[in-house]
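Peer 1: Got a predicted model here, sequence first, then my questions.
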Amino acid sequence: MAVARIDNHALHYEDTGSGTPVLLLHGLGSTGNEWELVAPDLAAGHRCIIPDIRGHGRSDKPAGAYGVPLFARDVAALCDQLGLTALHVVGLSMGGMIGFQLAVSRPDLVRSLVVINSGPEMIPRTLRAAVAIAQRLAVVTLFGPRRFAEVLGPRLFPRPDQAARRAAFERTIAANDRSAYRRATIGLIGWSVVDRLSEVACPVLVLASERDYTTAAEKESYVVRLGDARLREIDDSGHLATLDQPGRVIEEVTAFLDEIEGRDAVARRAMP
């Protein structure tokens with residue numbers, strides 16, 4: 001694992017494979033290991049950059065408020081240090097939010113965007129959503145990430161054959177620094193780029209799991225506001241599709257990236 005210095009803090013990242021660059025962004029409370037079942041296949045034809053976001057994994061956990069714009073600035077600074085532009089950005093959950101933020105604040109970095117079980121805002125629009133967010137924050141604040149992992153694990157991986165995956169997920173969440181995890185959770189609440197969706201110029205693929213927190217119909221409500229976007233559903237999958245349906249994620253992402261690269265190659269050949 002390599003280390004970059006961002007705002008005088010260490011940001012750890014994996015850099016594997018070769019070819020057109022793909023940035024893989026993990027979810028809240030997780031690490032780059034969230035891509036462990038997907039990255040090897042993608043790295044067969046692409047250069048995969050997989051950071052641990054500030055406050056997560058092996059990256060530093062500096063004091064102060066966290067939030068999606070800050071996380072996006074860190075990632076953009078990493079890409080700048082590596083001399084990368086026009087990346088395929090693939091984000092799961094919080095990683096998808098960071099992807100949306102990059103698409104509007106640093107469009108030069110985003111050649112295409114894949115959003116997995118995420119969206120362009122974290123503003124509760126219903127009483128049910130508000131209660132869910134309040135409950136999550138209360139558990140994290142009062143009992144810490146370990147207890148939250150014990151509550152969430154069985155919901156994300158409910159089948160007996162998923163016991164090993166459930167236990168691994170719970171260990172990952174439990175290992176979080178309590179303060180950093182709470183600040184990261186708070187930092188997502190209230191974030192939105194919904195009013196800037198018209199600025200997203202790149203092609204977008206949205207993947208929606210059958211048992212995600214939000215329905216495919218809810219995701220479709222923002223997909224239709226994007227200029228070049230499509231929605232695909234993943235059957236028999238919960239929120240963490242990269243872990244419970246990695247084969248489908250690989251299939252969908254690879255097909256999308258191949259399409260984009262093929263389209264761009266045709267456009268280049270057509271240039272005088």
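Peer 2: That came through, no problem. Numbering: from 1, shown residues only.

Peer 1: quick one: which helix or strand includes the spatially most central residue of the chain?
Peer 2: Residue closest to the mean C-alpha point of the chain, counted by C-alpha atoms, centre = their mean, is Gly95 at 2.0 Å. Secondary structure from DSSP states H and E places Gly95 in helix 94-105.

Peer 1: C-terminal to that helix, what's the next element?
Peer 2: Downstream of helix 94-105, the next assigned helix or strand under DSSP H and E is strand 110-116.

Peer 1: Report the next helix or strand after that next one in sequence order.
Peer 2: Downstream of strand 110-116, the first helix or strand assigned by DSSP H and E is helix 127-156.

Peer 1: buried set for that following helix?
Peer 2: Neighbour counts over helix 127-156 (16 or more other C-beta atoms under 10 Å) mark 133, 136, 139-140, 144-145, 148-149, 152-153, 156 as buried. In this view, the C-beta of every residue, glycine as well, is placed from N, C-alpha and C.

Peer 1: Wait, Phe169 touches Leu243, no?
Peer 2: Yes: using C-beta atoms under 8 Å, Phe169 is in contact with Leu243, at 7.1 Å.

Peer 1: of those two, who's got more company?
Peer 2: Taking neighbours as other C-beta atoms under 10 Å, Phe169 and Leu243 compare with Leu243 leading, 25 against 22.

Peer 1: All the helices of the stretch 151-272 of the chain, in order from the start?
Peer 2: 163-174, 178-188, 216-223, 241-244, 246-270 (DSSP state H, counting those that start in this stretch).

Peer 1: elements contacting the shortest one?
Peer 2: In other words, helix 241-244. helix 163-174, helix 246-270 (3 or more C-beta pairs under 8 Å, 6 or more residues apart in numbering; DSSP states H and E).

Peer 1: most packed of the ones you listed?
Peer 2: Of the helices and strands packed on helix 241-244, the one with the most neighbours on average (mean count of other C-beta atoms under 10 Å) is helix 163-174, at a mean of 17.

Peer 1: Measure how buried Leu37 is and give me the count.
Peer 2: Applying other C-beta under 10 Å, we find 17 residues neighbouring Leu37.

Peer 1: Just confirm it contacts Ala241, I think it does.
Peer 2: No: applying C-beta under 8 Å as the test, Leu37 and Ala241 come out as separate, 10.3 Å apart.
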